[in-house]
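> Sequence and predicted model, in that order:
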Amino acid sequence: MDQAGGESGGRRIELPGDGFEWKKYGQKFIKSIWKFRAYYKCQKEGCNVKKKVEWSESDPHNLRIVYEGGQHNHDLSTQDPGESSRGGSSADANRYNLINQVFGDNPPS
DNA sequence: CGTTTTTGACCGGCGC
DNA sequence: GCGCCGGTCAAAAACG
């Protein structure tokens, strides 16, 4: 990741930090929908959660993130203290109960 | 040195 | 039965 890459080439796409560590294990261009698809896996042991990122070649800013696997096995380490301590930290992780979350998705009408 | 990332290629499942 | 697609893995290279 950043530590090794040094960004000499520079990541082509900006990934929204969701508070978890993911390892990219695949990237492919789905011509069926004319969009790129990247596959990430949670790097926590016992955490078989997978993340899929899909974005269109013309709109790299439109990221559609889909979480798979359900819930994480470890506590969500949020960068913002207070948020997790805010009434029911477990509730925060609960939001990930929905197997799939979608981000972006803003087709101009 | 360790770690991570990137790309290519391969395989299985499904539909008709 | 066959073809096609999506998904995953492996290896190599580079950086601090």
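Received it, and whenever you're ready, just let me know what you need. None of the values given here were measured: they were computed from a predicted structure.
> ok, the closest residue to residue A:57 other than its chain neighbours - contacts?
Nearest residue to residue A:57, sequence neighbours excluded (CB to CB, 6 or more residues apart in numbering): residue A:36, at 6.4 Å. All C-beta atoms are positioned from the backbone trio N, CA, C, and that covers glycine. By CB atoms under 8 Å, 6 or more residues apart in numbering, the contact set of residue A:36 is A:13, A:27-30, A:54-57.
> near DNA strand C, anything from the helix or strand hosting residue A:36?
For residue A:36, the host element (DSSP states H and E) is strand A:35-42. Yes: using CB under 7 Å from any atom of the strand, strand A:35-42 comes into contact with DNA strand C via A:37, A:39, A:41.
> Which members of the residues you listed are classed as buried?
The neighbour-count test (16 or more other CB atoms under 10 Å) marks A:37, A:39, A:41 as buried among these.
> Can you flag the buried ones in the contacts of residue A:36?
Buried by 16+ other CB under 10 Å: A:54-56, out of these.
> Just the residues you listed: which are in strands?
Applying DSSP state E to the buried ones among the contacts of residue A:36, the entries found in strands are A:54-56.
> Give me the lowest-pLDDT entry from the buried ones among the contacts of residue A:36.
Ranked by pLDDT, the buried ones among the contacts of residue A:36 bottom out at residue A:56 (85).
> From residue A:63, how far off is that one?
10 Å (CB to CB, to the nearest Å).
> any idea which element residue A:29 lies in?
strand A:22-30.
> Now for the residue nearest to residue A:26 when sequence neighbours are not counted: which residues touch it?
Excluding the flanking residues, the one nearest residue A:26 by CB to CB, 6+ apart is residue A:39, at 4.1 Å. The contact partners of residue A:39, by CB under 8 Å, 6+ apart, come to A:24-27, A:50-52.
> Would you mind measuring from residue A:39 to residue A:20?
Residue A:39 is 15 Å from residue A:20, by CB to CB.
> Could you list the low-pLDDT ranges of chain A?
Counting by pLDDT under 70, chain A contains low-confidence ranges at A:1-14, A:60, A:73, A:75-109.
> can you pull out the strands in chain A?
A:22-30, A:35-42, A:50-56, A:59-68.
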